[in-house]
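In: Sequence and predicted structure below; questions after.
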Amino acid sequence: MKILHIHPSMQGGGIEAVITSLANEMARQGHDVTVCSIYQPKDDDIFWFRLAEGVHRDTLGKGSTGFSLREVVAIYRYIRRGHFDVVQLHGFLYYYLFALLMLPRQKFFYTFHNDAKQENFKWDARFFFVKKMIFRLGRVPAITISPASQQSFTELYGCKSALCENGIPMPEVDDALNPVDEARLTTETSVFLHPGRITEQKNQMVLVRVFRRLIDEGHDVVLLIAGKEEDDAILQALRPYFSERIRYLGLRSDVPSLMAKADAMCLPSLWEGLPITLLESLAVGCIPVCSPVGGVVNVLRDGENGLLSKDSSEEEYYRTMRRFLAMNREETEGMRRRCRASFQPHHISTTVGKYLAEYARK
């Protein structure tokens with residue numbers, strides 16, 4: 001099967017991680033797979049360089065930011081010339097509307113990587129009535145990545161979607177010395193990792209305020225934040241909190257290796273789809289401490305393979321962090337084992353099998 005995955009870019013982020021895992025596994029299973037980046041790839045586009053040798057890489061070469069009709073037409077021409085059996089769309093549906101209109105026989109699918117309501121900002125919101133018609137008429141089958149994501153889609157669009165829960169390959173972990181090792185100020189220091197882009201969604205202001213409280217109370221804790229800066233205003237608001245015990249590492253390409261050595265992974269998000277970082281933390285046995293948003297609640301069982309706060313507020317996340325710090329070594333080791341065991345249903349081979357079944361069904 002000749003399959004195209006197309007997305008604006010392959011920078012560091014959950015959607016890009018999913019595309020890379022899907023494309024690599026589909027190619028491994030013998031399919032002819034292409035990943036096309038609408039923007040010209042940059043040297044720090046982590047996942048562009050994680051695509052396997054068996055995956056074809058292509059780009060439309062867009063250089064400037066912002067919407068352009070030129071790219072809309074270029075996408076149509078690229079898909080028409082490619083003669084793909086399946087075109088898998090990711091993000092920003094309005095980019096693809098012209099191709100959908102002009103290529104009625106082409107088989108398209110669209111993956112919702114987040115809560116359905118959160119995929120209707122700016123330009124996408126302006127085309128919502130068109131999107132609703134496309135999905136309701138079945139022109140483009142929708143794929144959702146968790147039961148919570150599927151429910152949000154049904155509530156918003158009033159129709160069904162296919163459920164293909166996110167999956168990842170078993171992460172490769174480098175045992176070399178890394179910032180987690182260096183961050184331990186004493187033999188008793190607990191190091192927490194927050195892997196997330198600097199955005200409103202990831203709720204980093206609440207996170208640093210919680211850790212400031214814990215530090216002021218005398219807890220021997222360190223918080224490391226690893227993620228690309230996408231909102232400079234949020235980063236500047238975070239800076240007064242940075243210290244020896246709250247550190248910003250910037251964009252990292254070795255997050256699973258960091259998780260493998262951290263005591264826990266922190267994710268107090270305001271909304272999510274099904275975070276790849278959550279699956280990575282389970283795979284390497286890093287205890288996730290998360291807010292109950294999106295597909296997180298479909299994967300985590302509070303007190304068994306992680307901790308869930310009651311909501312995304314500072315007070316509730318603070319209480320959940322205190323619960324973690326009150327656990328003894330035996331309790332944390334048992335939870336780590338249960339984390340690893342709960343990863344098994346989320347291997348990428350299972351996810352790809354569901355995608356291929358949907359492709360064959362249409």
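Out: Cool, the structure landed. Residues are numbered from 1 along each chain as shown.

In: And the host helix or strand of V73, what's buried?
Out: When elements are defined using DSSP states H and E, V73 is found to belong to helix 69-82. Judged by neighbour count (16 or more other CB atoms under 10 Å), helix 69-82 contains these buried residues: 71-72, 74-76, 78-79, 82. To be clear about C-beta, it is placed using only N, CA and C from the backbone, and glycine gets the same treatment.

In: any idea of the mean pLDDT for it?
Out: Helix 69-82 comes out with an average pLDDT of 93.

In: Now do that helix: which elements does it pack against?
Out: With contacts defined as 3 or more CB pairs under 8 Å, 6 or more residues apart in numbering; DSSP states H and E, the packing partners of helix 69-82 are strand 2-7, strand 32-39, strand 56-62, helix 97-102.

In: For the last one, give me every contacting residue.
Out: By CB atoms under 8 Å, 6 or more residues apart in numbering, the list of residues contacting helix 97-102 from outside reads 72-73, 75-76, 79-80, 87, 106, 108, 127, 130, 134, 139-140.

In: now do the third one
Out: Counting contacts by CB under 8 Å, 6+ apart, the residues outside strand 56-62 that touch it are 8, 32-41, 48, 51, 68, 71, 74-75, 78.

In: quick revisit: dump the contacts of helix 97-102 to JSON lines, plus distance to F211.
Out: JSON lines is the format used below for those (distance: CB to CB, whole Å):
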{"residue": "V72", "distance to F211": "44"}
{"residue": "V73", "distance to F211": "48"}
{"residue": "I75", "distance to F211": "43"}
{"residue": "Y76", "distance to F211": "48"}
{"residue": "I79", "distance to F211": "47"}
{"residue": "R80", "distance to F211": "52"}
{"residue": "V87", "distance to F211": "44"}
{"residue": "Q106", "distance to F211": "49"}
{"residue": "F108", "distance to F211": "44"}
{"residue": "F127", "distance to F211": "40"}
{"residue": "V130", "distance to F211": "44"}
{"residue": "I134", "distance to F211": "44"}
{"residue": "R139", "distance to F211": "47"}
{"residue": "V140", "distance to F211": "43"}
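
In: Most widely separated two among those residues?
Out: Greatest spatial distance in the contacts of helix 97-102: R80 and F127, 21.3 Å, computed using CB to CB.

In: What's the end-to-end length of stretch 123-142?
Out: In stretch 123-142, first residue to last residue: 19 Å (CA to CA, to the nearest Å).

In: try stretch 34-52
Out: From the first residue to the last, stretch 34-52 extends over 11 Å; the measure is CA to CA.

In: returning to that earlier point: what angle do the helix holding V73 and strand 56-62 make?
Out: In terms of direction (axes from the mean of the first three to the mean of the last three CA atoms, to 10 degrees), helix 69-82 departs from strand 56-62 by 150 degrees.

In: Give me the distance from helix 69-82 to the chain's centre.
Out: The chain centre lies 27 Å from the centre of helix 69-82; the measure is CA atoms, centre = their mean, to the nearest Å.

In: Which elements pack onto the very next helix or strand once past that helix?
Out: For helix 69-82, the succeeding helix or strand toward the C-terminus, using DSSP H and E, is strand 86-90. With contacts defined as 3+ CB pairs under 8 Å, 6+ apart, strand 86-90 has these neighbours: strand 2-7, helix 14-28, strand 108-112.

In: Please convert these to a markdown table, extending it with mean pLDDT, distance to E330 and mean neighbour count.
Out: What follows is those, written out as a markdown table (pLDDT from 0 to 100; distance: least, CB to CB, whole Å; neighbours: other CB atoms under 10 Å):
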| stretch | mean pLDDT | distance to E330 | mean neighbour count |
| --- | --- | --- | --- |
| strand 2-7 | 97 | 44 | 23 |
| helix 14-28 | 95 | 33 | 23 |
| strand 108-112 | 96 | 40 | 23 |
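
In: L207 is nearest to which of those?
Out: Between L207 and the helices and strands packed on strand 86-90, the shortest gap by CB to CB is with helix 14-28, which sits at 17.4 Å.

In: That closest one versus strand 2-7: what angle between them?
Out: Between the direction of helix 14-28 and that of strand 2-7, the angle (the same axes, to 10 degrees) works out to 170 degrees.

In: which outside residues touch helix 14-28?
Out: With CB under 8 Å, 6+ apart as the test, helix 14-28 has contacts from 3, 5, 7, 9-10, 33, 35, 46-47, 50-52, 54-55, 88, 90-91, 111, 113, 145, 166-169, 273, 275-277, 348-349, 351-352, 355-356.

In: Any idea how far it is from the middle of the chain?
Out: Here the centre of mass of C-alpha atoms in helix 14-28, compared against the chain's by CA atoms, centre = their mean, lies 12 Å away.

In: Now which of the contacts of strand 56-62 would you call buried?
Out: Applying a neighbour-count criterion of 16+ other CB under 10 Å, the buried members of the contacts of strand 56-62 are 8, 33-39, 41, 48, 51, 71, 74-75, 78.

In: Please name every helix or strand in contact with the worst-scoring helix or strand of the chain on mean pLDDT.
Out: The helix or strand of the chain with the poorest confidence is helix 122-126; it has a mean of 76 (mean pLDDT, DSSP states H and E). The contact analysis (3+ CB pairs under 8 Å, 6+ apart) places helix 122-126 against no helix or strand.

In: wouldn't A162 be in contact with S149 here?
Out: No: at 11.2 Å, A162 does not count as touching S149 under the criterion of CB atoms under 8 Å.

In: between the two, which one's more packed in?
Out: When neighbours are counted by other CB atoms under 10 Å, S149 comes out ahead of the other of A162 and S149, with 30 against 17.
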